[in-house]
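>>> Kindly generate the corresponding structure for this input.
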Amino acid sequence: MGNTVVVALYKFVTLEDYRELREPLLQCMLDNQVRGTLLLAEEGINGTVAGSRAGVDALLGWMRADPRLADLDWKESFCDKPPFLRTKVKLKREIVTLGVEGISPTRRVGSYVEPADWNALISDPDVLLIDTRNDYEVRIGSFRGAIDPQTQSFREFPDYVREHCDPARQRKVAMFCTGGIRCEKASSYMLEQGFDEVYHLKGGVLAYLEQVPEAQSLWQGECFVFDERVTVNHDLTQGSHVMCHACGQPVSAGQQQSALYRQGLSCPHCHDRLPEKTRQRVQERQQQIELARQRNQPRPLGPGSGEASSAD
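Reported below is the predicted structural model:
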């Protein structure tokens with residue numbers, strides 16, 4: 001187990017003063033040497049951060065001192081080196097972008113399902129199981145029998161529901177995502193669309209992998225995460241995928257053996273379709289990364305930097 005604590009957290013809660021919260025929250029992160037990105041919006045807080053045990057505990061304690069965040073929940077994992085290079089607190093319209101006005105999990109939300117009860121639910125043949133994550137995440141791993149909406153961003157999820165789901169035929173719907181935030185908001189949307197029984201995995205896939213023994217697991221593959229680890233295994237250790245800095249797509253261990261894969265420059269997903277200007281840009285960026293590594297400096301950000309903390 002590594003000595004860097006990685007914390008994924010979110011909470012849907014009304015924060016009318018979210019703009020005023022930004023500076024003190026950022027200062028708390030800086031004071032405790034916690035890196036990563038937190039998103040603040042009127043609908044709540046979301047993000048992934050990492051630091052020492054003491055630093056992370058201090059940040060969580062500061063947040064939970066606010067009565068509105070007193071019951072804040074989070075998932076922890078560990079790694080050998082810091083997965084984030086910078087410390088950010090961003091102000092947003094939504095803490096996860098669905099792009100549909102009037103959808104609020106603080107007013108209406110589906111039924112939470114504990115990881116221990118998830119297998120029984122999704123084994124029910126009458127349950128429609130939907131993976132609310134993006135297509136590149138689903139490609140890496142998913143639950144057995146789950147439907148892949150083939151969305152490239154969470155904004156596309158409402159279109160998928162309108163075109164492919166019918167509340168008159170599919171009365172029971174179960175959804176999941178990485179940490180729980182997307183499927184929670186999706187459940188609110190599904191209820192607004194007239195679906196009667198809507199369930200979502202509490203804590204997301206990360207909570208399931210942590211709590212359900214691998215021998216009993218219905219999860220197949222690795223799980224994509226929004227930091228430099230790229231993916232995690234069932235035991236939440238770092239997985240085998242790396243990120244292509246040219247196109248931002250995860251690259252499997254097998255694809256890394258391809259002649260089309262060049263670290264920082266191309267991968268089988270993008271080798272034959274990269275515009276020349278993009279190719280030149282990523283080559284320059286890779287040179288900057290190598291120079292930063294030699295100087296022991298933070299590497300420059302780019303399309304596949306892993307610095308995202310939420311999933312749009």
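>>> Residue 32 and residue 88, how far apart?
To residue 88, residue 32 is 15 Å away according to C-beta to C-beta, to the nearest Å. Glycine gets a C-beta too; all of them are placed from N, C-alpha and C.
>>> Which one's more surrounded, these two?
More crowded of residue 32 and residue 88, by other C-beta atoms under 10 Å: residue 32, with 20 against 16.
>>> Show me the domain layout of the chain.
4-91, 111-221 (automatic domain parsing).
>>> what about the last one, start to end distance?
For domain 111-221, the first and last residues are 26 Å from each other (C-alpha to C-alpha, to the nearest Å).
>>> Stretch 219-230 too?
17 Å.
>>> Counting neighbours, which bits of that stretch end up buried?
Across stretch 219-230, burial judged by 16 or more other C-beta atoms under 10 Å covers 219, 221, 222, 223, 224, 225, 226, 227, 228, 229, 230.
>>> Same list as before, the residues you listed that is, but in a markdown table and with secondary structure, distance to residue 104 and pLDDT included.
Below are the buried residues of stretch 219-230 laid out as a markdown table (DSSP: H, G, I helix; E, B strand; the rest coil; distance: C-beta to C-beta, whole Å; pLDDT from 0 to 100):
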| residue | secondary structure | distance to residue 104 | pLDDT |
| --- | --- | --- | --- |
| 219 | strand | 30 | 99 |
| 221 | strand | 33 | 98 |
| 222 | coil | 33 | 98 |
| 223 | strand | 28 | 98 |
| 224 | strand | 27 | 97 |
| 225 | coil | 27 | 93 |
| 226 | coil | 23 | 88 |
| 227 | coil | 28 | 86 |
| 228 | coil | 33 | 84 |
| 229 | coil | 32 | 90 |
| 230 | coil | 32 | 95 |
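>>> and for the helix or strand where residue 129 lies, what are the contacting residues?
Element membership for residue 129, per DSSP states H and E: strand 127-131. Under the criterion C-beta atoms under 8 Å, 6 or more residues apart in numbering, residues 121-122, 137-138, 142-143, 145-149, 165, 170, 172-177, 186, 199 lie in contact with strand 127-131.
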